[in-house]
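# With the sequence up front, the predicted model follows.
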Amino acid sequence: MHDRLEQQGHLGPAPAAPLTPEDSRQRFLIALTQDGSLVSAQRLVDAWQMQRQALEQRVDKGQLFKLKIKNRNWYPGVMQTLLPDTVAAVCQAFGPAPAIDHLLFWIRRHGALQGKTVAEMLSTEGEAGLKTVIALAQAMAPQR
């Protein structure tokens with residue numbers, strides 16, 4: 001009886017297995033690549049007018065972070081509008097941490113930044129904004 005009801009569509013499909021935390025993380029990151037929040041290495045290379053190798057060198061020095069999603073490197077899209085040295089200063093102040101921690105620092109709104117994201121603060125407040133962001137990054141670093 002159960003099989004016949006299922007075949008006729010009365011019971012609906014079997015419930016999907018619950019997502020693991022890793023599955024949820026991957027879905028979140030993939031969505032960010034689709035909405036432009038994360039951009040390809042080529043887009044950042046073009047925006048900063050540097051070679052791809054220079055991006056990798058910055059990652060190695062802790063001046064930039066990347067996220068590996070489906071075997072491609074992705075970077076926060078907001079970085080395209082910022083100077084590479086500004087990004088480097090913030091990334092170095094935040095210190096060594098998993099790339100996902102860096103990403104969350106960059107994309108969330110912070111009370112200490114007047115409810116702005118890091119990029120918004122850097123774009124609207126100039127040098128004073130950079131000092132505020134660096135102070136916040138340094139203050140958050142020991143909390144990890």
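Nice, thanks for sending it over.
# Let me see the mean pLDDT of the longest helix seen in the chain.
When the chain is parsed with DSSP state H, its longest helix is helix 118-140. For helix 118-140, mean pLDDT is 95.
# And stretch 46-55, by the same measure?
The model assigns stretch 46-55 a mean pLDDT of 96.
# Pull the distance from it to the chain's centre.
18 Å (Cα atoms, centre = their mean, to the nearest Å).
# Look at it and report the distance between its end residues.
With Cα to Cα, to the nearest Å as the measure, stretch 46-55 spans 11 Å from end to end.
# Give the buried residues for it.
47-48, 55 (16 or more other Cβ atoms under 10 Å). In short, each C-beta sits where N, CA and C put it, glycine included.
# got a pLDDT number for the residue nearest to the spatial centre of the chain?
With distances taken as Cα atoms, centre = their mean, the residue of the chain nearest its centroid is residue 103 (3.2 Å). Listed pLDDT for residue 103 reads 95.
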